[in-house]
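> Coordinates for the following, if possible.
(2 chains)
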2 protein chains.
Amino acid sequence: MKSFLIAKSRRLRGTPYTSRIEKQGVTAYTIYNHMLLPAAFGSIENSYHHLKKHVQIWDVAAERQVEISGKDSAKLVQLMTCRDLSKSKNGRCYYCPIIDDNAGLINDPVVLRLNENKWWISIADTDVILFAKGLAIGNNFDVEIIEPEVDIFAVQGPKSFKLMEKVFGEKITKLKFFGFDYFDFGGAKHLIAQSGWSKQGGYEIYVENTEAGLKLYDHLFEIGKELNVKSGCPNLIERIESGLLSHGNDMDNGDNPYECGFDKYINIDSDVNFLGKEKLKEIKSQGIKKKLMGVTLDIDNISITGSLDLTDQDSNIIGELRSACYSPHFKKVIGIAMMKKSYWDIDQDLKAKINGDICSGKVCDLPFI
Amino acid sequence: MKSFLIAKSRRLRGTPYTSRIEKQGVTAYTIYNHMLLPAAFGSIENSYHHLKKHVQIWDVAAERQVEISGKDSAKLVQLMTCRDLSKSKNGRCYYCPIIDDNAGLINDPVVLRLNENKWWISIADTDVILFAKGLAIGNNFDVEIIEPEVDIFAVQGPKSFKLMEKVFGEKITKLKFFGFDYFDFGGAKHLIAQSGWSKQGGYEIYVENTEAGLKLYDHLFEIGKELNVKSGCPNLIERIESGLLSHGNDMDNGDNPYECGFDKYINIDSDVNFLGKEKLKEIKSQGIKKKLMGVTLDIDNISITGSLDLTDQDSNIIGELRSACYSPHFKKVIGIAMMKKSYWDIDQDLKAKINGDICSGKVCDLPFI
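Numbering: from 1, shown residues only, chains lettered A, B, ... in the order given. The predicted structure is shown next:
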């Protein structure tokens, strides 16, 4: 596998933390929402073991916010997602598939309800702001839509609770999963949610006051030494083992939310109005023809740079591998695949051609762990 | 300047040409419309000299198309751009700023009119398809909006005309600048435009039939040996010298088209209906407060990874450098900057702090050459 440099420019802009993480040893970037998102600090496997035992601080400022405020804001946010938000509460996060009128996935953000008339959509890697603007203009909604200057960093790992308690006291340990509240540090209030893109537990700090946020970032590294705090980033191995889906990798506009296993976030029987509702009813009544599943492959390394065909014994294509990694836990390659109907059952045998060699594997459930 | 690897994944997908350019020596990528766009084949300066003398083939499949078809397609395309398209002709390309209702730039694509009811918007790096879908749904327009499987490669450089004539005969040399037509090769028709992201002349081949397109790609390398054909990519030095603006680098949603010098593409006195028209009238009557200009800096290298403050003698900020490179032609650094009012005149003195050192420079006109 050859490696290639990333050509930096203003179009792929850095974050307030970029100069820090470059001193802290970042080695690879991905691009996410037109920004640099760290992808490795040396070995991903070492970072994976550390994340599962200790605590890491992640520059995830590339998780941008689309702020929707004004009289029609709730109406617009609801229009974009198939999840019923009519009983949503202030101070809570909601994982919400955003779909178009054809029920194709556009994004899978976490929506934060700041209040009835102010929402943040914390987006995956597509320009949701353009969809929101188009819908608002076309519908003549009374809303303001901006990308506020919010630069998230995350504290993730089992010791993240202890680390954050050292700064914010017991109050922060009372925060429920997907709850958020405001906490003081460095002379500023920070919105902090119990959330993050790992299953190891932790927090996301939505930094609006950059100077105060950088103070907090540095302070956490200082007081975190005894907890073995390190710089990290969303970890490919951990997120696949945990079955955390990645928009653009595991699913895209060609997939609908039923195919991605989002059934509990699809409220077609509610009274709320959202795009693609009729299409979703149709899909539900007809049944889906493909489905995201886990797969295991009996090999010890892989590098996925696009979709990879999965076949049966007779070389018929039965699915498409979309993300994969070597799992130190399972001692084989695991991945996330869109499997065709009749081939998505657990233990379905499959083959894949990797670097010219055929390997064997099986379908399994998600998450892996 | 440290360098960093790019972490590949399906989300930053490759193109039909990726495996070829990786054999042909690509060394760095940027990400553009969620795809790999080659950014260097070794030395950018060597590639610049070659591009200005010979002919290069570029993988620019990341220039995606938004296809808008149907009864209301012309209405929707016009709604998105401040350029009057009412007299547009089939078989022609149009450079069209796309703006929102506040006159902020969203993209600066080339629009191809295939016919009155079918348009391709050949986009820069934002998800214009989401804006178009939002507007179409909100306005209840009768249109179909898709991202077709079109993977452009470009033939650029002074010898591109000779190279393409060897394949397609004299007919292709008759194509006017920004004209397009269909040409046969490998058993398929290819839409070819006289266009491209350099000022050295050339063509863009809009490949719809991948197999036939790859045959053409390979054939051009074979028969181009005597013309010294090489792999290349949009060249930072050449594009800055030529004053070719880059959305996301030189301008973004915080800028309006007047500030970017797009006056000749702004038709506020026409009868056509487009977003931001009233706002543009207001801006025109009040006058702009900042403007894109060229700058020169008396130093011999630079690497821009974000906006860089430009100051006067007293350290007051007078502008913001957004793209820059060392120009072998001028033997100094040249760049594109958003200059504040009162400081955008030619020969305005300026200072910049680069790697801790203060350097001097001047404002100048665009393009440089």
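> Isn't residue A:193 up against residue A:112?
Yes - shown here, residue A:193 and residue A:112 form a contact pair, counting by CB atoms under 8 Å, at 7.2 Å. For glycine as for every other residue, the C-beta is placed from the backbone atoms N, C-alpha and C.
> what residues are shared contacts of the two?
Residues touching both residue A:193 and residue A:112 (CB atoms under 8 Å, 6 or more residues apart in numbering or on different chains): A:93, A:180.
> Just the element for the residue of chain A found nearest chain B, please.
Per CB to the nearest CB, residue A:138 is where chain A lies closest to chain B, at 1.6 Å. Applying DSSP states H and E as the criterion places residue A:138 in helix A:128-139.
> And for residue A:164?
Assigning secondary structure by DSSP H and E places residue A:164 in helix A:160-168.
> Averaged pLDDT, the helix or strand following that helix. What do you get?
Next in sequence after helix A:160-168, counting helices and strands by DSSP H and E, comes strand A:180-185. On average, the pLDDT along strand A:180-185 is 97.
> Output the below-cut-off pLDDT ranges for chain A.
When residues are selected by pLDDT under 70, those of chain A lie in A:1.
> re earlier: report the contact partners of the closest residue to the residue of chain A closest to chain B other than its chain neighbours.
Distance criterion CB to CB, 6 or more residues apart in numbering or on different chains; nearest residue to residue A:138, sequence neighbours excluded, is residue B:138 at 1.6 Å. Neighbouring residues of residue B:138 by CB under 8 Å, 6+ apart: A:134, A:135, A:136, A:137, A:138, A:139, A:140.
> before we move on, what about residue A:331?
Contacts of residue A:331 by CB under 8 Å, 6+ apart are residue A:300.
> got the angle for the helix holding residue A:164 vs strand A:180-185?
Interaxial angle of helix A:160-168 relative to strand A:180-185 (axes from the mean of the first three to the mean of the last three CA atoms, to 10 degrees): 50 degrees.
> residues of helix A:160-168 that come out buried?
A:160, A:161, A:163, A:164, A:167, A:168 (16 or more other CB atoms under 10 Å in any protein chain shown).
> Would you map the strands across the stretch 151-300 of chain A?
A:151-156, A:180-185, A:188-193, A:202-207, A:229-232, A:290-297 (DSSP state E, counting those that start in this stretch).
> Wondering if the longest one reaches chain B at all.
No - using CB under 8 Å from any CB of the partner chain, we find that strand A:290-297 stays clear of chain B, coming within 13.0 Å at best.
> Just the CA trace of that strand, in CSV.
This file holds the C-alpha atoms of strand A:290-297, laid out as CSV (Å, rounded to 0.1, in the frame of the first residue of the first chain):
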residue,chain,number,x,y,z
LYS,A,290,-30.0,-4.7,0.8
LYS,A,291,-28.8,-4.2,4.4
LEU,A,292,-25.7,-3.1,6.3
MET,A,293,-24.2,-6.0,8.2
GLY,A,294,-20.9,-7.0,9.8
VAL,A,295,-18.5,-9.3,8.1
THR,A,296,-15.4,-11.1,9.2
LEU,A,297,-12.6,-12.1,6.8
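> who does that strand pair up with?
Taking DSSP bridges as the criterion, strand A:290-297 forms sheet pairs with strand A:332-340 (antiparallel), strand A:357-364 (antiparallel).
> Check those for me and report the most buried one.
Greatest average neighbour count among the strands paired with strand A:290-297 goes to strand A:332-340 (a mean of 23), per mean count of other CB atoms under 10 Å in any protein chain shown.
> Name every strand pairing with the next helix or strand after that strand and say which way it goes.
Following strand A:332-340 in sequence order, the next helix or strand is strand A:349-354 (DSSP H and E). Partners of strand A:349-354 in the sheet, by DSSP bridges, are strand A:308-311 (antiparallel), strand A:357-364 (antiparallel).
> what comes into contact with strand A:349-354?
By CB under 8 Å, 6+ apart, strand A:349-354 touches A:295, A:297, A:299, A:302, A:308-313, A:315, A:318-319, A:321, A:343, A:358-363.
> Return the set of buried residues in it.
For strand A:349-354, by 16+ other CB under 10 Å, it's A:350, A:351, A:352, A:354.
> ok, now how distant is the third one from residue A:295?
Computed as CB to CB, to the nearest Å, the residue A:352 to residue A:295 distance reads 8 Å.
> Between those two, which contacts overlap?
Residues touching both residue A:352 and residue A:295 comprise A:310, A:321, A:361, with contact defined as CB under 8 Å, 6+ apart.
> May I see the residues you listed organised as JSON lines, with distance to residue A:69 added?
As requested, the shared contacts of residue A:352 and residue A:295 are exported to JSON lines (distance: CB to CB, whole Å):
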{"residue": "A:310", "distance to residue A:69": "45"}
{"residue": "A:321", "distance to residue A:69": "41"}
{"residue": "A:361", "distance to residue A:69": "48"}
